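> sequence isn't available, so here's the structure alone:
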């Protein structure tokens, strides 16, 4: 009798859990208003308003009176306000872009990849403004420093994503010592991971060849060789074009594969939902529950029914049908769910987001310019600060997702950020201005190539990332940053 009561209570709890999950999913599909998305806490409006007023005052006072005090005030307020503009509006841009991509008919996976590019807008725009200022507006020594800082910022942002990847593995695997990687994630992300490794390795190899050519030229000319810090070499613009083209080809590949996946899904007869085999449990299951593609043990005895844990993730996934599309990697997005918006609301949100990020990038670039003009702070350290301020707040959300157990969300966000900064953003910059070659650029390129290879190999050998592997990724990238900060020749 006790066994029957326990079985009844257990199945009731399962039904309640699934109903709550179903209601939440329905609520998330409800269309949101524009105001509900951009609405901020009242105190945030007050803080940002005061900060904006102080920043404007500092700019006016420095322009009229000059002085070190107003310069420092201008730099500090620009950095703080710039970071806020880089962080908050970029979230609006991601939300709006995700809705627009879905509105034009792209699958969830492709929409997630394209909208994730907006997550890299803060550091990309800040570095881009520095690049254009250094090349076309300022010139001279400060202009060259701005160009170097722009490229350093791009690679530093990719490096911070690598460190966040290691943190996600540690946080997500704190109980088991590892995190599982879904099969569809390996299938969809593996192609770009392999190419990212090859592309960064080839770029590193080309840079080495150019450096060696410069060294041999100096030796044959009979000049006193100054060392690597005296070499002024640049990557050809063709290198950047190849990197950008490769990412564009990847996006075309994704769109084609996603359309094929959607077409196959529409022309395939839907699999009828099934329920657990035992009638006593069937009587307690709600009608909307499906278990297709679920691997479960046939429950032969009442005692075996009683051992089902209604609160475990495996039970909820099995009886809610949340793994229904597990075999379709190009239709399922490993991204966080975004608010459902109308098309015009999404357009306005994208414009507001991009406008805010551009304003933040302008303020950050002005702050960097002021520091380079008036202080002896190294460009390497400045690049780390700008890269940190753009990458960590935005992609740090992935760490919070890992804390909640959504490791697939976190991995998709961070790996996408690394590859986009390395291939797309770095490539675009290298087309506008030939990328300077020096010791940090060389070491960071080979470090990123090694990390990409290590992650790809770690994922494919057993479909998991262990805590040890996460620690190794953190150590590798931290070593590169320490070399940048502590003084590679020619950097500090």
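That came through, no problem. In this text, all values refer to a predicted model and were calculated from it rather than measured experimentally.
> mean confidence for stretch 359-377?
Averaging pLDDT along stretch 359-377 yields 80.
> should've said stretch 61-74
Stretch 61-74 shows a mean pLDDT of 84.
> contacts for that stretch, please.
Applying C-beta atoms under 8 Å, 6 or more residues apart in numbering, the external contacts of stretch 61-74 come out as 54, 55, 58, 59, 366, 367, 370, 374. Any C-beta I mention is one placed from the backbone N, CA and C, and that applies to glycine too.
> make it 10 Å
54-55, 57-60, 75, 363, 366-367, 370-371, 373-375 (C-beta atoms under 10 Å, 6 or more residues apart in numbering).
> go through that stretch and flag the buried ones.
By 16 or more other C-beta atoms under 10 Å, the buried positions in stretch 61-74 come out as 61, 62, 70, 71, 72, 73, 74.
> out of the contacts of stretch 61-74, which are inside helices?
If you go by DSSP state H, those have 54-55, 57-60, 75, 363, 366-367, 370-371, 373-374 in helices.
> between the residues you listed, which sits nearest residue 91?
Nearest to residue 91 out of the ones in helices among the contacts of stretch 61-74 is residue 363 (C-beta to C-beta; 17.9 Å).
> surely that closest one touches residue 76?
No - look at residue 363 against residue 76 with C-beta atoms under 10 Å: they stay out of range, at 11.1 Å.
> neighbour count: the two, which is higher?
Between residue 363 and residue 76, residue 363 has the larger neighbour count (other C-beta atoms under 10 Å), namely 26 against 14.
> now the buried members of the contacts of stretch 61-74.
Buried among the contacts of stretch 61-74 (16+ other C-beta under 10 Å): 54, 55, 58, 59, 75, 363, 366, 367, 370, 371.
> tabulate those residues (JSON lines), appending distance to residue 34.
Listed next are the buried ones among the contacts of stretch 61-74 as JSON lines, based on distance: C-beta to C-beta, whole Å:
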{"residue": "54", "distance to residue 34": "29"}
{"residue": "55", "distance to residue 34": "27"}
{"residue": "58", "distance to residue 34": "32"}
{"residue": "59", "distance to residue 34": "31"}
{"residue": "75", "distance to residue 34": "34"}
{"residue": "363", "distance to residue 34": "25"}
{"residue": "366", "distance to residue 34": "30"}
{"residue": "367", "distance to residue 34": "31"}
{"residue": "370", "distance to residue 34": "36"}
{"residue": "371", "distance to residue 34": "37"}
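> what is the neighbour count of residue 247?
Each residue near residue 247 was counted by other C-beta under 10 Å, and the total is 22.
> which stretch of helix or strand covers it?
In the assignment (DSSP states H and E), residue 247 maps to helix 237-266.
> tell me what that helix is packed against?
Applying 3 or more C-beta pairs under 10 Å, 6 or more residues apart in numbering; DSSP states H and E, we find helix 237-266 packed against helix 108-117, helix 183-221, helix 426-432.
> quick one: work out the angle between the first one and helix 237-266.
If I follow you right, that is helix 108-117. Per axes from the mean of the first three to the mean of the last three C-alpha atoms, to 10 degrees, the angle that helix 108-117 makes with helix 237-266 is 150 degrees.
> got it, and the second one?
Angle of helix 183-221 versus helix 237-266, following the same axes, to 10 degrees, is 170 degrees.
> which elements pack onto helix 183-221?
Judged by 3+ C-beta pairs under 10 Å, 6+ apart, helix 183-221 is in contact with helix 108-117, helix 140-172, strand 233-234, helix 237-266, helix 407-419, helix 426-432, strand 436-437, helix 439-462.
> go through the second one and flag the buried ones.
Which is helix 140-172. In helix 140-172, counting by 16+ other C-beta under 10 Å, buried: 143-172.
> any shared contact partners between residue 363 and residue 76?
Common neighbours of residue 363 and residue 76 (C-beta under 10 Å, 6+ apart) are residue 55.
> and the helices and strands packed on helix 183-221 as a markdown table, adding mean pLDDT?
A markdown table is the format used below for those (pLDDT from 0 to 100):
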| stretch | mean pLDDT |
| --- | --- |
| helix 108-117 | 73 |
| helix 140-172 | 88 |
| strand 233-234 | 84 |
| helix 237-266 | 83 |
| helix 407-419 | 79 |
| helix 426-432 | 94 |
| strand 436-437 | 87 |
| helix 439-462 | 86 |
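> nearest to residue 217, out of those?
Using C-beta to C-beta, the helices and strands packed on helix 183-221 put strand 233-234 closest to residue 217, at 10.2 Å.
> packing partners of that closest one?
Using 3+ C-beta pairs under 10 Å, 6+ apart: strand 233-234 touches helix 183-221, strand 436-437.
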